[in-house]
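In: Any chance you could fold what I've pasted below:
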Amino acid sequence: MTLNHSDSNQSHSECNDLSPLPDRILTNQDSTVNRREFIGMTAASLLMAGGLGASAKSDSQNEIPYRTLGRTGEKVSLIGLGGYHLGSQSDPQESIRIIRAGIDEGINFLDNCWDYNGGESEIRMGKALRDGYRQKALLMTKIDGRNKAAATAQLNESLRRLQTDRIDLLQFHEVIRDSDPDRIFAEGAMEVVQEAQKAGKVRFIGFTGHKSPDIHLKMLATASKHGFKFDAVQMPLNVMDAHFNSFEKKVLPILTRDGIGVLGMKSMGDHFILGSKTVTAVECLHYAMNLPTSVVITGCDSLPILEQALHAARSFQPMDGAQVATLLARTAKAAEVGQFELYKTSHHFDGTFANPQWLG
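Out: Numbering: from 1, shown residues only. The predicted structure is shown next:
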């Protein structure tokens with residue numbers, strides 16, 4: 001099966017910018033991997049993935065494996081349906097068909113964001129979740145607001161568009177600046193979300209980011225300083241991240257240690273990793289699934305792309321050392337300076353950079 005696949009999650013500002021070249025390289029960290037580091041990286045990937053075969057196959061629906069979302073105890077499908085591409089699809093009815101077909105086939109994790117396609121992604125998902133589909137889904141969306149007013153307005157707007165009185169997982173979106181963790185906790189956004197949780201409007205709380213693992217670590221440390229522990233964290237996990245400024249190496253061990261649900265995204269770096277001609281779409285998905293991810297979120301803007309994602313989940317088997325080493329060896333050279341991970345090395349994916357007013 002060979003399809004062009006673009007995976008989760010571009011912000012609204014990028015929908016007209018698909019240039020394969022970064023606007024500028026921001027960092028050149030971890031640009032080379034020596035033999036000892038490479039072997040250690042492979043071993044670490046396998047150790048963290050140990051036992052996934054039994055856990056992934058023990059729970060399933062329609063042959064889609066289910067895993068546990070960290071300490072929440074919630075069972076989530078190994079593959080999750082990304083929200084951005086659903087809103088960029090030209091036919092709203094086709095978006096609804098994709099969402100419902102995914103749920104019918106066993107996907108129960110739905111991703112979205114307040115800012116995707118000017119709200120169109122949430123509007124379409126809200127329509128798709130009528131007629132009993134809402135009860136079958138673990139619904140996640142994200143807000144950009146860092147202060148009380150922006151967070152309140154965006155949360156209420158998301159609830160309205162999604163036609164629900166409860167968001168299962170609400171995440172702070174694009175934690176990509178060093179100042180973001182302090183702002184979220186100091187300016188009232190976290191207070192708003194925790195109050196919504198107490199009121200039953202939000203069940204679980206997480207955050208997302210794609211820029212730097214060090215900023216993720218700062219967000220976790222800032223939360224700890226405030227006596228708070230996130231339920232889930234979303235980040236890029238893919239065959240190139242493993243070599244360059246790596247979330248897998250720096251953040252993933254902390255999340256697994258602390259029982260925080262791991263949401264893998266950008267398994268194909270949108271379409272850019274596929275553009276390196278080093279790996280296939282299914283190989284990208286299988287690599288991310290082989291890590292201790294609770295769910296791997298991928299964008300599906302057509303029924304054939306959805307079928308590809310379903311096939312990847314159903315065909316997944318834990319990878320052995322040779323398989324992991326082969327993929328990492330094949331991608332090592334292309335990954336050296338992050339040229340295929342534009343979310344790290346450019347502003348291509350930074351919706352809140354282009355629209356700072358979303359932060360409040």
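
In: Sticking with Ser95, tell me its helix or strand.
Out: For Ser95, the enclosing helix or strand under DSSP states H and E is helix 92-104.

In: Compute the first-to-last residue distance for stretch 59-66.
Out: 5 Å (C-alpha to C-alpha, to the nearest Å).

In: Would you mind listing where the stretch 251-360 of the chain has pLDDT under the threshold?
Out: Along the stretch 251-360 of the chain, segments meeting pLDDT under 70 are nowhere present.

In: Helices along that one, start to end?
Out: Under the criterion DSSP state H, counting those that start in this stretch, the stretch 251-360 of the chain carries helices at the ranges 252-258, 272-275, 281-290, 303-315, 321-331, 342-345, 351-354.

In: quick one: the helices in the stretch 1-150 of the chain?
Out: Ranges of helices within the stretch 1-150 of the chain are 35-49, 52-58, 84-88, 92-104, 120-128, 148-162, based on DSSP H, counting those that start in this stretch.

In: Can you tell me which of these has the worst average pLDDT?
Out: Among these, helix 52-58 has the lowest mean pLDDT, at a mean of 42.

In: What's opposite Gln171 in the beta bridge?
Out: Gln171 forms beta bridges with Lys142, Gly206, as assigned by DSSP bridges.

In: That one - how many residues pack around it?
Out: The tally of other residues near Gln171 (other C-beta atoms under 10 Å) stands at 26. Yep, even glycine has a C-beta here, placed from its N, CA and C like the rest.

In: so what's it up against?
Out: Residues counted as contacts of Gln171 (C-beta atoms under 8 Å, 6 or more residues apart in numbering) are 140-143, 205-208, 232, 234.

In: host element of the spatially closest residue to Thr152 that is not a sequence neighbour?
Out: Taking C-beta to C-beta, 6 or more residues apart in numbering, and ignoring the residues beside it in sequence, Thr152 has Val192 as its nearest neighbour in space, at 5.2 Å. Counting by DSSP H and E, the element that carries Val192 is helix 189-198.

In: what's that helix packed up against?
Out: Taking 3 or more C-beta pairs under 8 Å, 6 or more residues apart in numbering; DSSP states H and E as contact, the helices and strands that helix 189-198 lies on are helix 148-162, strand 167-172, strand 202-208.

In: Contact partners for Tyr287?
Out: Counting by C-beta under 8 Å, 6+ apart, Tyr287 touches 238-239, 267, 279, 319, 324, 327.

In: hang on, the earlier thing: pick the most deeply packed of the helices and strands packed on helix 189-198.
Out: Per-stretch averages of neighbours, counted by mean count of other C-beta atoms under 10 Å, single out strand 167-172 among the helices and strands packed on helix 189-198, with a mean of 26.
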